[in-house]
Structure formats: C-alpha cells, structure tokens
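Participant: Attaching a predicted model along with its sequence, questions to come.
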Amino acid sequence: MYKSLFILLYKLIVQPVAAWDILITRQDKNNENFYKSYLFPIVGIIALFSFIGVLFSVKTFDVQLALKVVLKEVMIYGGGFYLASFVLSEYIYPRFGLEKDKSSAERFTGYGSSAIYIIAMFKALFPSLFILDILAIYTVYIIWTGAAHFLKLKENQWIKFTIFASILIMLTPFLLHSLINLLMPGMRI
C-alpha cells in the first residue's frame, strides 16, 4: 500500500500530466479508495514524521510536546484539505462552469496538494530547512496540469482556475496554522 502511495506521489511531482491521466481512471463515487489509499496514509505519515522530528530535535525527551505537534499537524493538513475541497466545490467549481461535485473536488485537492504534503513530511523531520517552503510553488504546476487533464477545463480557463485553486490550496494550511496559534496559544511551537 505504501509503495503505491509513494509511487503516486513521485509521479505527481515528476510527471504530473501522466499521473493526472492515470487518476482519471480511478473514479470512485464516494472516495472510499481515495481516503484509504492516499489521504489518510499521507496525513498519518506527516503525523508520524512530526512525532519523530520533535523527539529528535528537542534536547529533552518530551512526549507531550511531540503529541501536541502531531495534533497540530493533523488539524492543519487534514482540516486544510477538507476546508479547501469544500470551498473549491462550492464556490470555485461553479465559477468555471463545473458542477458542484464534492468527491471530484476532494480528489483534486488531495492530489493537487501532493507537493505540500511532501514538504510537510520533510519539514517535520528537518524544521530548520526554510528553503522547503519555497518549493511549495511547484503546487501551481501540479494544479495547472490537473485543471487541464483531470477537470478537462477549457484552455482559456486554465490560468484563472489555477490561480484561484493554487492560492486556496497553498494558503489554507498556512491560515489554519495561524488560526490555531491565535486561538490556542498552548499549541505554539
């Protein structure tokens, strides 16, 4: 299972056009397979790497701090996924002539966020590498190819859709991180 997950992540990063063409054939109506084989394992891996990263980066062995970080990361990336896919389905899809389709928006958001998820995994283990944040811009290209191949948007709509969807998908985790820090000061790390 994890081998196929990492192969899919690799393809989405290295060959996004071919990966989106493969993902078109994986149309499950209620996204059960998408959740089981892609989203939940990725969020779990991010949580595991966060736990390990905190334990090895802090001078004292602090399990409580590690669990706080895990909870925060799950809220940021899991909640960010659901918030972004909801906004995409309800507000951005209709603007571009697509029907409101929750399952399609969830798959598009999850697969389009693959670069962000990989960056989160590496940032969990190596928090001092700020250069990884710049690499999140690659998400724009993944979303652009997904708009053309997965959503089959018209060519004149690719750029506008890519701008809206990229801003939404890339800023949602950042906004949730800021909101968590503001509302729960004990979660600041």
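Facilitator: Ah, there it is.

Participant: middle-most residue in the protein, spatially?
Facilitator: The residue lying closest to the centre of the chain (CA atoms, centre = their mean) is S113, at 3.3 Å.

Participant: T162 versus that one, what's the distance?
Facilitator: Applying CB to CB, to the nearest Å, the value for S113 to T162 is 14 Å. Quick note: C-beta positions are derived from backbone N, CA and C, even for glycine.

Participant: Give me the common contacts of those two.
Facilitator: Listed contacts common to S113 and T162 are nil; contacts here mean CB atoms under 8 Å, 6 or more residues apart in numbering.

Participant: still on that earlier bit, my guess is the residue nearest to the centre of the chain meets T139, correct?
Facilitator: Yes: under the criterion of CB atoms under 8 Å, S113 is in contact with T139, at a separation of 6.9 Å.

Participant: Flag every buried residue along the lowest-mean-pLDDT helix or strand in the chain.
Facilitator: Least confident element among the helices and strands of the chain, by mean pLDDT, DSSP states H and E: helix 131-134 (a mean of 86). Taking 16 or more other CB atoms under 10 Å as the neighbour-count basis, helix 131-134 is seen to contain the buried residues L132.

Participant: do the same with stretch 8-28
Facilitator: For stretch 8-28, the buried set under the neighbour-count rule, 16+ other CB under 10 Å, comprises L8, L9, K11, L12, I13, P16, A19, W20, L23.

Participant: Not counting that stretch itself, show me its contacts.
Facilitator: Residues external to stretch 8-28 that are found in contact with it (CB under 8 Å, 6+ apart): 33-34, 38, 42, 103, 107, 111, 114-115, 117-118, 138, 141-142, 145-146, 148-150.

Participant: Same check on stretch 74-85?
Facilitator: 39, 42-43, 46-47, 102, 105-106, 108-110, 113, 116-117, 120, 168-169, 172-173, 176-177, 180.
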